[in-house]
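**Q** one predicted model, sequence on top.
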Amino acid sequence: MLDWLPTAFLFFLGAAILPLLPRGPARAVLLLAIPVIAAAQVYTLPLDDTLVRVTFFGFDLDLMRVDKLSRIFALIFCIAAFLGNLYAWHVKDPVQQVAALLYSGAAIGAVFAGDLITLFFYWEGTAISSVFLIWARRTEGAYFTGMRYLIIQIGSGVILLAGVVLMYVDTGSIAFQHMELGTPATWLIFIAFGMKCAFPLLHNWLQDAYPAATVTGTVILSAFTTKLAVYSLARGFAGTEILIYIGAIMTLFPIFYAVIENDLRRVLAYSLNNQLGFMVVGVGIGTELALNGTASHAFAHILYKALLFMSVGAVLFRTGTAKGSELGGLYKTMPLTMIFCVIGAASISAFPLFSGFVTKSLILSAAAHEHYYIIWGILLFASAGVFHHSGIKIPYFAFFAHDSGKRPKEAPWHMLWAMGLASFLCIAVGVYPAPLYALLPFEVDYQPYTTTHVITQLQLLFFSALAFTVLMRTGIYPPELKSVNLDFDWTYRRFLPRLIEAIGKPIGAAMQAWSDMMRDGLHAMIIRLYHSYGPQGRISQFWPTGTMVLWIGILLGVTLVVNYVS
Amino acid sequence: MSTETVHHTALTLADHLPALQVLVPFIAAPLIVLFGRRGIAWPIALASSATAFAVSILLLSRVIDGSVISYHMGGWEPPLGIEYRVDAANAFVLLLVSAMSTLVLLFARESVEAEVSARHHALFYSAYLLCLSGLLGVAITGDAFNVFVFLEISSLATYVLIAQGSERDKRALTASYDYLIMGTIGATFFVIGIGFLYMATGTLNMADIADRISEQGSNRTIRAGFAFIVVGVGLKVAMYPLHSWLPNAYTYAPSMVTAFLAATATKVAIYVLLRFVFTVFDPGFLFEFNTLGYIILPLAIVAMFAASFIAVFQSDFKRMLAYSSVGQIGYILLGIAMLSQTGLTAAIVHLFNHGITKAALFMAVGAFVLTAKGSFYNDIQGLGRRMPLTSAAVVVGGLSLIGVPGTAGFVSKWLLVEAALENGWWPVALLVVASSLLAVIYVWRVLEVLYMQPTPDGSTVQEAPMSMLAPMWIAALACVYFGLDTDVTLTAAATAAEGLLAGSTGLQ
């Protein structure tokens, strides 16, 4: 069905029609209909085929490369778009609605891109459309956050373009296929992917931007950009060993930040980073099992991460805050939201019978299978960490803990429906993973429910829970303070007191000095430029006629000399 | 057409197209003065320009496959008689000039009404048509001295047109005067260069000169001729540092004149440069190679940066665009200096794309001048909401100026980078990209002024009239169209580049 129409165009078409419809239900229905149609189309497309090819400027662009890898990502993107739009049923702001459609369309388009130029267009498309979801909050803070986000995202696109150009010059091909690191071209492309994937040290935009978006915007944002990057890595750099170590670091470092963070949406942003680490490790291992793990984990991850963002978003929507210190005791009046949140938490923690259990284990097994035991250990530790900050902390501080006295209403019906659907999918995947496994890029010969596996996982979870309880009881666990935790000082005074201070201070000072120097240098340079090029500068001021004529004379002289001697 | 060659004695109208191309506006100019009525001046100008446009389309359609039309003026055989010679390169330029002229004339009516005093209107349009026919003549003729004559016709008319800006700002008079002095020196150098060539070869027909030069090889006379011609034409091109007439001339001329000149005059001068560098002289000569490599190339790169830096710091939209033009000419010269098929294609495509981009932007300036009475940033601040259509055209044109994918500017810059990489000139490719970043800054400044700053209290500015918006948007949409559908421009430019690179043999 609809073989000739790239799936992304369905979304763009929807975005074009939307402003023409009357405000209200008609628009919301369109927002829901488009992902459904798109999902139906994606599901019925013939596999292993390039369906739409256009010639642009002498290049053959493949707009629809459909194989199992791109199909599963496109499908989950459609589902995420549907859930996000359902969750945002109450939003009347056409800017957000159009942006959400364009954003999901661009992400799906990028997944189906068979060549690097198409990929670049959609890559920038996701950047530009998504920033409106942040700006839609219409506060000054959101404006600047959006700007920072946009600069990083566009920067990633520019680096990608540079890599593509070099690639074309080197090889004469723009096909988007497996690449080997080594040439400047592939390194640039790798870094561009890494920026979107929030590699360590390139990750700050994620924690900066996602919690700054609107309640509904964050749900949409959390689904696409980073998973698109994971897909791109899986397509381009599967089996690149460095990714294993990058991924392992990614699973580790956000844990510590997440534990001390007060803003629950930011906690989720950190845990998003941690989950990406698992997928990146999977891509780095690059075996069939590992890639299956990455794809299935991305699928499950989008669902439960969206679910968690939705439940915290519902709390924010009703109470006006997502800060752990100001919440608590909400289970009394928001029981359904609490249940959905716990389901999301159980899924991300990989409880047996929930989605995380059947997908994360694929990656862990792949690591063990290829004898990366240290990595396997790190991933195991990270799993415990996830359980800690996402599995227990989020529901505990939002819905239980000390009673904040807040008695908000239950979330609106459409949010409940969206969360309910996501919860259903989380459990369905966990209980009966066969349909998901059937969608994976390679044949799956894996049985998640073995006694050892279930017991190992339960042990891990119980000891982790025990640790949390002990820490809470003894008062060692960092309490949820009323603070905006951008402040690194606070972090290391409470946490890892000496070590990080010893390392962090000089580095911080050096960074500060460096950025001061850059800023001052830039400032001085602009002043110097202004002196010569500004309106009163030597180079741009009105030249007297004589000076102009003098220049002609000089140039003629030089040209004559050059001609004379050659 | 039958396959056998038939020698026609009777010429049909279609055979006279090359002559009509120049003659229609050339005869319409005195007609306007003869009628002397202000109301009729604009329709005549528009009609003759539109006719020239139609003729140029027909001409391009005949030569786009690489063939050449040779037309003998008055039936005199060259090299004695004057020959008009149309190939892909100049047909492309003819199309650009006549199309832009027609578009600008559509736009001009209200703008001229507001900026030029009523008693000058008839003479103004008459001078405009003379300028147009001069530019068309320069592009079409195959005779070296004839190039000079047409160049002078267009230049003299241009001085008059620029001086008409004195209604708004008296500095238009000094700008015009400066350009007069500089332009005359440039033209003199050019004619001195042709004199040298005549001395060395004894002929003025370009094809003939090319033949003789390739027969006898280079000698000192020919080299001196080359130097004079390059510098003389370089001035008309506004090659850095001979550009200093351009910012003032563009800033103080009436808006429609600026739009027309920016889109066409420098482009025609570049065509002359191409024609002489590649066809009349043989690019195989060492002196030519050195001139391009040691003079044009560095100056092109300096222009890309210096002019862009100046543009960044301007506070007048119109003046900023003028400096940006100097920078963009740097890109075109860079493409020429690469001496390769791709580089030359990039130069020719950029010549066209930059022409339409600047036309759109300068027309938007004209609209601002009409409604907000000025183009300084503090005159136009916050007009994004008051004049949404004009401002949106500025956005489209600005994106094309930067070279954002999907716009015409991207196509030519991409080709330019590709050509640089082909030559192995890595640093040059990086410089092209880096200087585009400067364009981002100066374009962004305008967009910020238009959209992010508040409209001053009590401002009563309204959207520009439809007669201005329509041509402005045709140019703006052309920027997008030629950014997506690159077939026409690339084919024509590649054929033109091939013809030029074939050197004198291309003229046979």
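**A** Thanks, I have the structure now. Numbering: from 1, shown residues only, chains lettered A, B, ... in the order given.

**Q** quick one: the strands in the stretch 51-200 of chain B?
**A** B:69-72, B:83-86 (DSSP state E, counting those that start in this stretch).

**Q** most neighbours per residue, which of the ones you listed?
**A** strand B:83-86 (a mean of 22; mean count of other CB atoms under 10 Å in any protein chain shown). Glycine gets a C-beta too; all of them are placed from N, C-alpha and C.

**Q** now what about that strand, what contacts it?
**A** The contact list for strand B:83-86 (CB atoms under 8 Å, 6 or more residues apart in numbering or on different chains) reads B:18-19, B:22, B:59, B:62-63, B:68-73, B:94, B:140-143, B:205-207, B:507.

**Q** give me that answer again for 10 Å
**A** The set of residues external to strand B:83-86 that reach it, using CB atoms under 10 Å, 6 or more residues apart in numbering or on different chains, is B:17-19, B:21-22, B:56, B:59-60, B:62-63, B:67-73, B:76-78, B:90, B:94, B:137, B:139-143, B:146, B:205-208, B:275, B:279, B:507.

**Q** state the distance from the closest residue to residue B:21 other than its chain neighbours to residue B:457.
**A** Computed as CB to CB, 6 or more residues apart in numbering or on different chains, the closest residue to residue B:21 that is not its neighbour in sequence is residue B:55, at 4.8 Å. From residue B:55 across to residue B:457, the span is 52 Å (CB to CB, to the nearest Å).

**Q** who's more crowded, those two?
**A** residue B:55 (23 against 5; other CB atoms under 10 Å in any protein chain shown).

**Q** ok, now which ones touch the most centrally placed residue in chain A?
**A** Nearest to the mean C-alpha position of chain A, by CA atoms, centre = their mean, lies residue A:226 at 2.7 Å. The neighbourhood of residue A:226, defined by CB under 10 Å, 6+ apart, consists of A:196-198, A:203, A:206, A:210, A:272-273, A:275-276, A:279, A:298, A:301-302, A:305.

**Q** which of those tops the neighbour count?
**A** residue A:279 (33 neighbours).

**Q** show me how to select, in ChimeraX, the buried members of the contacts of strand B:83-86.
**A** Those of the contacts of strand B:83-86 that count as buried under 16 or more other CB atoms under 10 Å in any protein chain shown are selected in ChimeraX with:
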select /B:17,18,19,21,22,56,59,60,62,63,68,69,71,72,73,78,90,94,137,139,140,141,142,143,146,205,206,207,208,275,279,507
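
**Q** helix, strand, or coil at residue A:71?
**A** In three-state terms, and counting by DSSP: H, G, I helix; E, B strand; the rest coil, residue A:71 is helix.

**Q** how many neighbours does the spatially closest residue to it that is not a sequence neighbour have?
**A** Spatially, and ignoring its direct neighbours in sequence, residue A:71 is nearest to residue A:42 (6.2 Å; CB to CB, 6+ apart). By the measure other CB under 10 Å, the count of residues near residue A:42 is 24.

**Q** tell me if I'm right that residue A:42 and residue A:68 touch.
**A** No - assessed by CB atoms under 10 Å, residue A:42 is found out of contact with residue A:68, at 11.6 Å.

**Q** what does the stretch 101-250 of chain B have sitting close to chain A?
**A** B:171, B:174-175, B:177-182, B:185-186, B:189, B:192, B:218, B:220, B:222-232, B:234-235, B:239-245, B:247-248 (CB under 10 Å from any CB of the partner chain).

**Q** any idea how far residue A:552 is from residue A:559?
**A** Applying CB to CB to residue A:559 and residue A:552 gives a distance of 10 Å.

**Q** same question, residue B:282
**A** 26 Å.

**Q** these two: who's more crowded?
**A** Shown here are residue B:282 and residue A:552; by other CB under 10 Å, residue A:552 has more neighbours (20 against 17).

**Q** gap between the host helix or strand of that one and the chain center?
**A** Using DSSP states H and E, residue A:552 falls within helix A:545-565. The chain centroid and the centroid of helix A:545-565 are separated by 58 Å under CA atoms, centre = their mean, to the nearest Å.

**Q** any idea of the mean pLDDT in it?
**A** Throughout helix A:545-565, pLDDT has a mean value of 87.

**Q** residue ranges in the chain under the pLDDT threshold?
**A** Here I'm looking at chain A. A:1-3, A:57, A:475-502, A:504, A:538 (pLDDT under 70).

**Q** could you do chain B instead?
**A** In chain B (pLDDT under 70), the answer is B:1-11, B:503-508.

**Q** which residues in chain A form strands?
**A** A:49-50, A:53-56, A:59-62, A:65-66 (DSSP state E).

**Q** winner for burial among those strands?
**A** strand A:65-66 (a mean of 22).

**Q** sheet-wise, list the partners of that strand with their directions.
**A** strand A:49-50 (antiparallel) (DSSP bridges).

**Q** which residues are contacting the strand it pairs with?
**A** A:3, A:60, A:62, A:63, A:64, A:65, A:66, A:67, A:112, A:114, A:115.

**Q** the residue nearest to the second one when sequence neighbours are not counted pairs with what?
**A** In other words, residue A:60. Spatially, and ignoring its direct neighbours in sequence, residue A:60 is nearest to residue A:53 (5.7 Å; CB to CB, 6+ apart). On the basis of DSSP bridges, residue A:53 is bridged to residue A:62.

**Q** give me the residue from the stretch 101-250 of chain A nearest chain B.
**A** residue A:169 (4.9 Å; CB to the nearest CB).

**Q** how about that residue, nearest residue that isn't a chain neighbour?
**A** residue B:421 (4.9 Å).

**Q** which SS state does that neighbour fall under?
**A** Under three-state DSSP, residue B:421 comes out as helix.

**Q** my guess is it contacts residue A:172. True?
**A** No - with contacts counted by CB under 10 Å, residue B:421 stays clear of residue A:172, the gap being 11.8 Å.

**Q** okay, the two: which has more neighbours?
**A** Using other CB under 10 Å as the criterion, residue B:421 and residue A:172 rank with residue B:421 on top: 18 against 7.

**Q** who in the stretch 401-508 of chain B is up against chain A?
**A** Neighbours of chain A within the stretch 401-508 of chain B, by CB under 10 Å from any CB: B:404-406, B:410-411, B:414-415, B:417-418, B:421-422, B:426, B:429-430, B:433, B:437, B:483-487, B:490.

**Q** which residues touch residue 394?
**A** Going with chain A. Contacts of residue A:394 by CB under 10 Å, 6+ apart are A:258, A:264-265, A:267-268, A:271, A:308, A:311-312, A:315, A:324, A:341-342, A:344-345, A:348.

**Q** my bad, the chain I had in mind was chain B
**A** Taking CB under 10 Å, 6+ apart, one finds B:317, B:360-361, B:363-365, B:367-368, B:380, B:383-384, B:387, B:401, B:443, B:446-447, B:450-451, B:472, B:476 in contact with residue B:394.

**Q** any of those residues buried? List them.
**A** Going by neighbour count (16+ other CB under 10 Å), the contacts of residue B:394 have B:317, B:360-361, B:363-365, B:367-368, B:380, B:383-384, B:387, B:401, B:443, B:446, B:450-451, B:472, B:476 buried.

**Q** hmm, back to that, inside helices: which ones of the residues of the stretch 401-508 of chain B next to chain A?
**A** B:410-411, B:414-415, B:417-418, B:421-422, B:426, B:429-430, B:433, B:437, B:483-484, B:487, B:490 (DSSP state H).

**Q** can you give me the helices in the stretch 351-500 of chain A?
**A** A:355-369, A:373-386, A:394-399, A:413-431, A:434-439, A:451-474, A:488-494, A:497-533 (DSSP state H, counting those that start in this stretch).
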